[in-house]
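Q: I'll drop the sequence and a predicted model, then ask my questions.
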Amino acid sequence: MAGTAGRVELGGAYETPKFVGLGKEELMQVAGTPFWVRVRWTLFIVFWLVWLGLVAGAVVLILNAPKNEDEFTSTTDFTSSTAEMVVDGIVNSMLH
C-alpha cells in the first residue's frame, strides 16, 4: 500500500479522485478575471432589460385592452339593480 496516497484500489486498478469543483480560494481568483466580470455585467443588464420589457408589455396590453361597453356592467346600473333586488328580497321575505 506504499505510494497509493489519494487512490483507491479497485480490483487492481487505481482511480484518481473525481473533480468536484473549485474551492473558495480558487473561485475567488477566477471570479475577478475580466471574462467573468464581463459575463456578470452582461447577465445583469440582460436581466433588467427583460424585466423592463415585461413591464412595458403588460402596460401596453392593459392600455390596448378593449373597453367593455355593456349596459349591464355599468357601475350605476349594476348598483341600483342590485339594491333593488335586495330591497325586493327583504320585502318579499316579510310578506311571506
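A: Alright, I've got the coordinates. These figures come from a predicted structure and were not determined experimentally. Numbers count the residues shown, from 1 in each chain.

Q: give me the distance between the residue most central in space within the chain and Lys18.
A: Residue closest to the average C-alpha location in the chain (C-alpha atoms, centre = their mean): Trp51, at 10.2 Å. Per C-beta to C-beta, to the nearest Å, Trp51 is found 38 Å from Lys18. No exception for glycine: its C-beta is placed from N, CA and C like everyone else's.

Q: so what are the domain limits for this structure?
A: 28-65, 67-96 (automatic domain parsing).

Q: report the buried residues of the helix or strand where Leu49 lies.
A: Element membership for Leu49, per DSSP states H and E: helix 34-64. Neighbour-count burial for helix 34-64 flags no residue at all (criterion: 16 or more other C-beta atoms under 10 Å).

Q: following that helix, which helix or strand comes up?
A: Heading C-terminal from helix 34-64 (DSSP H and E), you reach helix 75-95.

Q: pLDDT of that following helix, averaged?
A: Mean per-residue pLDDT for helix 75-95: 71.

Q: which neighbouring elements make contact with that helix?
A: Contact here means 3 or more C-beta pairs under 8 Å, 6 or more residues apart in numbering; DSSP states H and E; on that basis helix 75-95 packs against no helix or strand.
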